[in-house]
Every structure is written in structure tokens, then in C-alpha cells.
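Give me a 3D structure for the following:
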Amino acid sequence: MAGSDIVLSVEQLRKTFVKPFTGRKVEAVKGISLEVERGDIFGFLGPNGAGKTTTIKMLTGLITPTSGRATILGEEVPSPEAMGKVGFLPENPYVYQYLTPREFVSLCGRLNGMGGASLAKAVERVIERVGIAYAIDRPVRALSKGMLQRTGFAAALVHSPDLLILDEPMSGLDPVGRKEVRDLIVEEARAGRTVFFSSHILSDVELLCKRVCILRKGEVVAGGTIQSLLGTDVRKSEITLRDVADDIATTLAGLASKSERVGTTMVLEAQGDEAVKEILERALAGRAHVEAVTPKRETLEDIFVRKAL
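Down below sits the predicted model:
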């Protein structure tokens with residue numbers, strides 16, 4: 001792949017903190033490497049304490065790496081040249097309470113070198129896009145947490161960055177707000193913008209992302225395309241039976257990885273085709289009725305639990 005197709009490149013990035021007074025070293029990020037391609041929606045995942053926010057702070061120049069390097073469109077991080085190409089939304093955006101969304105987003109635009117009539121038009125456009133045009137001139141202190149999140153998103157978009165770095169962008173939003181932000185992310189990607197975001201909402205990640213990276217204790221434990229991680233193989237199946245006699249219920253439960261029985265109805269989970277076949281043969285031989293056999297493919301949540309916890 002041509003170098004110009006790599007928007008974000010991270011090579012062996014490390015961050016070690018030294019505790020005050022004790023001098024004890026805490027290695028928060030342990031040599032992670034990843035690449036984000038142009039136009040990607042890239043999911044950055046991991047449990048609390050995995051090192052996601054520390055990594056994002058290094059990528060945005062808020063803290064300095066202990067070692068390793070990162071580049072944004074070939075520009076070293078941190079540098080004014082790299083940051084000028086980034087729109088950043090922190091998990092808890094701080095917006096000056098005495099400003100309105102119009103004033104705050106205008107301030108962020110000026111900090112990125114914008115000005116004049118073009119800035120005024122851009123501010124109105126992005127505030128409309130994030131869905132808070134009706135509150136554009138309200139004091140920020142009167143806004144809800146979700147509206148603050150949208151104001152921060154507008155500030156990240158105002159200067160038309162090449163790369164959006166979003167730390168928990170759905171934080172504090174209700175289901176409708178989450179859908180609207182998801183739609184915004186998809187629209188930005190379709191317009192050619194690259195999106196790198198962290199999230200705990202795995203269903204959103206699976207829906208949005210082409211590629212993901214999963215961290216655990218500061219290390220990459222899984223990564224790649226969603227398709228390659230999930231695969232196409234059916235790992236397990238759910239079998240629902242009714243009229244299961246007592247004399248075969250125990251046998252069937254022993255063949256399943258999980259089982260539940262209510263009266264004469266049983267729901268069993270079987271791993272692999274052979275287990276499904278044997279359960280069905282035993283059930284039919286015992287005159288039970290098969291109501292459903294439902295293949296279950298692995299989800300991103302299954303991978304997350306297996307790899308990161």
C-alpha cells in the first residue's frame with residue numbers, strides 16, 4: 001500500500017509513568033503498533049485501564065511518549081503540522097461555561113487558523129450537522145451532557161480535518177443521539193475523512209468499523225478487519241427441544257456446552273457440527289420434538305471478552 005494511503009501510523013509506542021514520592025514505574029502502554037488507512041472507521045477497544053486514553057493523549061500531543069513514534073499523514077506527532085490535520089473529541093469535552101456553542105466552535109476554528117465569513121459559515125454548518133442549531137446561542141451552562149458532546153463534535157469538525165480522533169463519542173447520549181452520531185461518523189467516512197475512535201459500545205463498533213484493535217493492559221491482543229476477526233465459521237448452535245422426557249434430559253445436557261430446562265422444554269448450546277448432530281439424533285430417538293436449531297456466529301463482544309478480559 002502506498003504511504004499516502006496511511007493516515008495514522010503508530011510504531012512501538014510506549015508510555016511509562018513514574019509515581020510521585022514512591023518513584024514506582026507504571027507501564028501504561030507497552031509498545032503498540034497499528035496503521036489506519038485513509039477513509040477507514042477504525043475502532044480502538046479495550047477495558048478500563050487498557051491504555052486507550054493514554055494512547056489517544058499521545059496521538060494528540062497532550063502527553064509525550066516514553067518511546068516509539070507516531071505520524072499523521074507523514075507528519076511527526078506531536079507537531080503543529082500533524083495537529084492541524086486532526087479533529088479531536090475527548091471523552092469529557094470541556095466547554096467554557098460562559099460561551100455559547102457558536103462562540104466556542106468559532107474559538108476552535110480561529111485556533112485552527114480560520115477566520116472571517118468562511119469561519120462563520122463553517123460554524124453554522126457544523127452545528128447544524130450535529131443537531132444543536134436550535135441551541136446555537138444558548139449559554140453552555142444551560143446545555144445537557146449530550147448537547148455538550150455534540151458541541152465538542154462540532155468543534156472537532158469545524159476546520160475540516162483529515163483525521164477525526166474521537167474518545168468515547170457516544171458517551172452521555174441517549175439511543176436517538178447515539179444513532180445520530182453514528183450517522184455522522186458514517187457520513188464523514190463517506191466524504192473521505194478517516195475516523196479513529198474508542199468505545200465501550202461494542203455493537204456500535206461492530207456496526208461502524210472496518211478495522212479494530214483490542215488492547216489489554218497496554219498491549220495489542222487482537223487486531224484486523226472485523227470480517228477477519230469474526231470469520232464466517234459457525235462456532236456454536238442453539239437447539240430448542242420440547243417434549244423432552246426425563247430419561248434423556250440428562251444425556252442431552254451432557255452433550256451440550258450449556259443447557260436449560262423448563263418443564264419438558266430444553267434449550268441447549270452445542271459447539272460444532274458433530275455435537276449438534278449427536279444431540280439431534282439422541283433427541284429424535286427419545287421422541288422429543290425439535291423446535292429450532294439456530295446457528296450462532298461469534299460477535300465482537302465474544303472476541304472482546306475472550307481476548308481483553
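
Contacts made by stretch 268-286 with the rest, please.
234-239, 241, 244-245, 247-248, 251-253, 255-260, 290, 293, 296 (Cβ atoms under 8 Å, 6 or more residues apart in numbering). C-beta: built from backbone N, CA, C; applies to glycine.

From Gln149, how far out is Glu128?
16 Å (Cβ to Cβ, to the nearest Å).

Between the two, which is the more surrounded one?
Gln149 (26 against 13; other Cβ atoms under 10 Å).

if we can go back for a sec, now, which of the contacts of stretch 268-286 lie within strands?
The strands, defined by DSSP state E, take in 234-239, 241, 258-260, 290, 293, 296 from the contacts of stretch 268-286.

Is it possible to mark the buried ones in those residues?
236-239, 241, 259 (16 or more other Cβ atoms under 10 Å).

which pair in those residues spans the largest distance?
Farthest apart among these by Cβ to Cβ are Lys236 and Leu241. That separation is 16.1 Å.

Identify the residues contacting the helix or strand encompassing Lys307?
In this structure, Lys307 sits in helix 300-308 according to DSSP states H and E. For helix 300-308, contacts defined as Cβ under 8 Å, 6+ apart pick out 45-47, 50, 202-203, 205-206, 212, 214-216, 221-222, 226, 229-230.

rerun at 10 Å
Applying Cβ atoms under 10 Å, 6 or more residues apart in numbering, the external contacts of helix 300-308 come out as 43, 45-47, 50, 200, 202-207, 209, 212, 214-217, 220-223, 226, 229-231, 235-236, 296, 298-299.

So which residues of the stretch 1-150 of the chain form strands?
6-18, 25-37, 41-45, 67-72, 75-76, 86-89 (DSSP state E, counting those that start in this stretch).

in the stretch 151-300 of the chain, which spans are helices?
175-190, 202-208, 226-230, 246-255, 272-285, 300-308 (DSSP state H, counting those that start in this stretch).

how about the nearest residue to Lys217 once chain neighbours are set aside, what does it touch?
Distance criterion Cβ to Cβ, 6 or more residues apart in numbering; nearest residue to Lys217, sequence neighbours excluded, is Ala50 at 6.5 Å. Contact analysis of Ala50 by Cβ under 10 Å, 6+ apart lists 28-29, 44, 198, 214-219, 221, 308.

Flag the shaky bits of this protein, pLDDT-wise.
Within the chain, the segments meeting pLDDT under 70 span 1-4, 172, 231-235, 309.

what's the domain layout of it?
Split into domains by the TED database, the chain comes to 6-230, 236-298.

rewinding a little: which positions within the helix holding Lys307 qualify as buried?
Buried, per 16+ other Cβ under 10 Å, within helix 300-308: 300, 303-304, 307-308.

Could you check the angle that helix makes with strand 234-242?
Helix 300-308 runs at 120 degrees relative to strand 234-242, counting by axes from the mean of the first three to the mean of the last three Cα atoms, to 10 degrees.
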